[in-house]
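>>> Next comes the sequence, and after it the predicted model I'd like to discuss.
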Amino acid sequence: MRTLPLTGRPHDELLGELKALGAADVNWRDGRVFSLVYHAGDAHSAFLKQAHNLFFSENALNPMAFASLRRMESDVVRMAANLFHGDDNVVGTMTSGGTESLLLAVKAARERARKHSPWIRRPEMVVPTTAHVAFDKAGYYFGVRVRRVAVDGTDFRADVRAMTRAINARTILLVASAPQYAHGVVDPIAELSDVALAHKLPLHVDACVGGFILPFLERLGHAVPRWDFRVPGVTSISADLHKYGYTAKGASTLLFRDMSYLRHQFFVSVDNPSGVYASPGVAGTRGGGAIAAAWAGLQAMGEEGYLRHAKLALDAATALRRGLGEIAGIALCGAPHATIVTWRSTDPALDLFAVADQLQAKGWYVDRQQHPTSIHLTVTSNHAAIVEDYLRDAREAVAHVRAHPELKSEGSAAMYGMMAKVPARFLVKDAVLKALEGMYSSTSKAPDMASPGDGAVDRFLNRHRAKVGEVLDGLEQLRAKVAIARNPRRWFRGEP
């Protein structure tokens with residue numbers, strides 16, 4: 001249906017159509033997806049829907065009209081602050097998700113710098129290469145240059161010395177992750193705290209993934225580096241409720257050590273004809289449902305519930321690590337600080353994305369990564385029942401690719417690997433932009449970005465393979481010319 005119907009359609013008919021539309025989506029209920037959805041059971045989900053629907057129409061834009069939502073938001077922030085070992089001075093807000101939390105953390109740092117260091121005209125933030133891409137989005141939106149610093153190539157943690165060297169007179173923020181999403185490791189936040197304090201810089205910890213599981217893993221006796229407000233240099237923490245908090249989508253928290261930081265997050269206008277306008281975050285209207293579901297979900301789960309789900313996730317992640325590590329030619333990435341499992345190939349003859357294709361054909365939704373080429377699993381309590389199935393299919397997929405060395409990754413997987421190796425990044429960006437244009441055009445049909453040969457990125461790169469090759473050849477020639485210009489004597493001597 002591409003036009004508004006003249007008369008309203010029956011509710012039952014529309015609900016049936018909605019169910020049919022969702023039938024082709026990934027099977028997350030059975031644990032076949034390792035990200036995107038965090039499921040703590042059907043009963044808990046049904047309860048969250050009830051809590052959400054009680055405040056379906058309420059709007060947190062005006063806390064005076066809906067004092068109930070302000071009370072719930074305050075309670076959620078206080079529960080998070082206590083969980084992260086904050087004192088009574090810790091303050092914060094709820095947001096729509098991790099991206100908004102990170103945007104606001106950068107916005108607050110920029111506004112704080114404008115007040116305390118007004119001579120900084122081109123502000124910068126120093127982040128590890130493994131920090132979430134939302135920091136790049138924040139830099140783009142708010143005019144803050146992002147200085148990404150390479151991480152340790154062995155454990156994928158932030159390189160403290162390299163980040164320290166990247167600090168200059170324009171730096172307004174340092175960033176660390178607990179854990180970073182790609183490999184599930186917690187950055188050396190205690191050491192970065194010392195750097196932040198020495199340079200009088202705010203240090204934001206992105207715990208969007210780990211905020212509501214790391215504290216419980218620590219209580220279970222799992223080794224977790226210090227990352228929260230116990231570390232003196234940490235000035236703000238972002239943590240998503242809709243991830244390991246197991247609440248409804250559209251709920252995150254952003255906490256600051258005290259109001260001297262949080263006040264720079266707010267926006268206030270007093271000159272508009274409609275009157276005074278004040279907003280704590282990016283959004284104006286904020287649906288009450290996500291706030292109510294978070295408030296109710298945290299208390300319904302309780303510490304006992306979170307410990308139980310953390311134990312299930314930890315046991316599943318440990319078993320996956322053990323089983324994957326026993327497969328010849330496969331290695332794990334990073335330290336097991338959290339319940340994220342990332343694995344890669346150590347055998348040059350084993351095409352990991354071809355393995356991913358085989359897993360996809362077996363019904364798994366596979367998250368492919370680059371730098372290094374790897375497969376990512378965000379393990380939750382919902383995956384406790386599928387560990388053996390996944391390990392069996394992973395062993396079979398690896399064996400199949402080994403037995404058929406002519407197999408190479410196809411479709412989107414191949415394009416993903418190709419894009420990861422293209423040094424002319426503008427070509428990759430152009431390909432993705434064209435995919436988005438097609439997806440959101442007036443005649444859009446959502447492309448299947450996972451099925452071989454059917455994605456918009458695939459089609460674009462297939463059309464422009466020759467151009468990509470020409471550009472790569474041109475870059476090689478340019479490199480050669482630059483090398484000659486830098487050292488002509490070596491060229492005359494015939495040296496490479």
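Thanks, I have it. Residues are numbered from 1 along each chain as shown.

>>> where along the stretch 101-250 of the chain do the helices fall?
For the stretch 101-250 of the chain, the helices defined by DSSP state H, counting those that start in this stretch occupy 134-142, 160-166, 189-199, 214-219.

>>> So for Gly287, which of the ones you listed sits nearest?
helix 134-142 (20.9 Å; C-beta to C-beta). For every residue, glycine as well, the C-beta is placed using N, CA and C.

>>> Return the most buried member of the helices of the stretch 101-250 of the chain.
When you average the neighbours per residue for each of the helices of the stretch 101-250 of the chain (mean count of other C-beta atoms under 10 Å), helix 214-219 leads with a mean of 21.

>>> quick check: mean pLDDT across that helix?
Confidence over helix 214-219 (mean pLDDT, whole number) is 98.

>>> And stretch 95-114, by the same measure?
97.

>>> Could you do stretch 25-44 as well?
89.

>>> rewinding a little: so which of the helices of the stretch 101-250 of the chain comes closest to Pro372?
With C-beta to C-beta, the closest approach to Pro372 among the helices of the stretch 101-250 of the chain belongs to helix 160-166: 18.7 Å.

>>> Could you pull up phi and psi at Leu15?
The phi and psi values for Leu15, taken as degrees, to the nearest 10, are phi -60, psi -40.

>>> In contact with it, which residues are there?
Contact analysis of Leu15 by C-beta atoms under 8 Å, 6 or more residues apart in numbering lists nothing.

>>> how close does it sit to Leu6?
20 Å (C-beta to C-beta, to the nearest Å).

>>> want to try TSV for the helices of the stretch 101-250 of the chain, with distance to Ala51 as columns?
TSV is the format used below for the helices of the stretch 101-250 of the chain (distance: least, C-beta to C-beta, whole Å):
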stretch	distance to Ala51
helix 134-142	27
helix 160-166	41
helix 189-199	34
helix 214-219	22
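
>>> Who's the closest spatial neighbour of Pro405, skipping the chain neighbours?
Setting aside the residues directly before and after it, Pro405 is nearest to Ala349 in space (C-beta to C-beta, 6 or more residues apart in numbering), at 6.4 Å.

>>> Is it correct that the one you found falls within a strand?
No - with DSSP: H, G, I helix; E, B strand; the rest coil as the criterion, Ala349 is assigned coil and is not in a strand.

>>> what does the model give the residue lying closest to His199 once chain neighbours are set aside for pLDDT?
Excluding its sequence neighbours, the residue lying closest to His199 (C-beta to C-beta, 6+ apart) is Ile167, at 5.7 Å. Predicted confidence (pLDDT) for Ile167: 98.

>>> Enumerate every residue touching Ile167.
When contacts are counted by C-beta under 8 Å, 6+ apart, Ile167 touches 126, 174, 195, 199, 201.

>>> which one among those residues gets closest to Ala313?
Nearest to Ala313 among the contacts of Ile167, counting by C-beta to C-beta, is Leu174 at 29.3 Å.

>>> What number of neighbouring residues does the closest one come out with?
28 (other C-beta atoms under 10 Å).

>>> what is it paired to in the beta sheet?
Val126, Leu203 (DSSP bridges).

>>> any idea how far it is from His264?
Distance of Leu174 to His264, computed by C-beta to C-beta: 16 Å.

>>> What strand or helix carries Ser45?
Remark: Ser45 resides in helix 42-54, with elements defined by DSSP states H and E.

>>> typed the wrong thing, it's Glu17
Judged by DSSP H and E, Glu17 forms part of helix 11-22.

>>> Same question for Glu73.
Using DSSP H and E, Glu73 falls within helix 67-83.

>>> Which helix or strand lies directly C-terminal to that helix?
strand 91-95.

>>> pLDDT score for the nearest residue to Gly334 once chain neighbours are set aside?
Residue nearest to Gly334 in three dimensions, not counting chain neighbours: His183, with 3.6 Å by C-beta to C-beta, 6+ apart. At His183 the predicted local confidence, pLDDT, stands at 96.

>>> Distance check, His183 against Thr130.
To Thr130, His183 is 7 Å away according to C-beta to C-beta.

>>> Next, the contact list for the residue nearest to Thr378 when sequence neighbours are not counted, please.
Leaving aside its chain neighbours, Thr378 sits nearest to Ser35 (4.5 Å; criterion: C-beta to C-beta, 6+ apart). Going by C-beta under 8 Å, 6+ apart, Ser35 touches 367, 376, 378.

>>> Same list, these, but as CSV with distance to Leu254, secondary structure and neighbour count please.
As requested, the contacts of Ser35 are exported to CSV (distance: C-beta to C-beta, whole Å; DSSP: H, G, I helix; E, B strand; the rest coil; neighbours: other C-beta atoms under 10 Å):
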residue, distance to Leu254, secondary structure, neighbour count
Asp367, 25, strand, 18
His376, 25, strand, 19
Thr378, 21, strand, 24
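
>>> so which of the residues you listed comes closest to Tyr246?
Nearest to Tyr246, judged by C-beta to C-beta, of the contacts of Ser35 is Thr378 at 13.2 Å.

>>> Touching, the closest one and Val209? I think so.
Yes - Thr378 is within contact range of Val209, at 7.4 Å (criterion: C-beta atoms under 8 Å).

>>> could you point out where the stretch 351-496 of the chain is predicted with low confidence?
Residues of the stretch 351-496 of the chain meeting the criterion pLDDT under 70: 409-496.

>>> Recalculate using a threshold of 80.
Within the stretch 351-496 of the chain, the segments meeting pLDDT under 80 span 407-496.

>>> pLDDT on the helix or strand containing Arg321, on average?
Assigned by DSSP H and E, Arg321 falls within helix 288-325. Mean pLDDT, helix 288-325: 97.

>>> what comes up buried for whichever helix or strand comes after that helix?
Next helix or strand after helix 288-325 toward the C-terminus (DSSP H and E): strand 330-332. For strand 330-332, a neighbour-count test (16 or more other C-beta atoms under 10 Å) marks 330, 332 as buried.

>>> which strands and helices sit next to strand 330-332?
Where contact means 3 or more C-beta pairs under 8 Å, 6 or more residues apart in numbering; DSSP states H and E, strand 330-332 is packed against helix 288-325, strand 340-345.

>>> how far is the shortest one from where the chain is centred?
Relative to the mean C-alpha coordinate of its chain, strand 340-345 is positioned 16 Å out (C-alpha atoms, centre = their mean, to the nearest Å).

>>> Report the angle between it and helix 288-325.
On the basis of axes from the mean of the first three to the mean of the last three C-alpha atoms, to 10 degrees, strand 340-345 is oriented at 40 degrees to helix 288-325.

>>> is it true that Lys137 touches Leu103?
Yes - between Lys137 and Leu103 there is a contact under C-beta under 8 Å: 6.8 Å.

>>> that older thread, for the helix holding Ser45, which positions count as buried?
Buried-residue list, helix 42-54, by 16+ other C-beta under 10 Å: 44-45, 47-48, 51-52.
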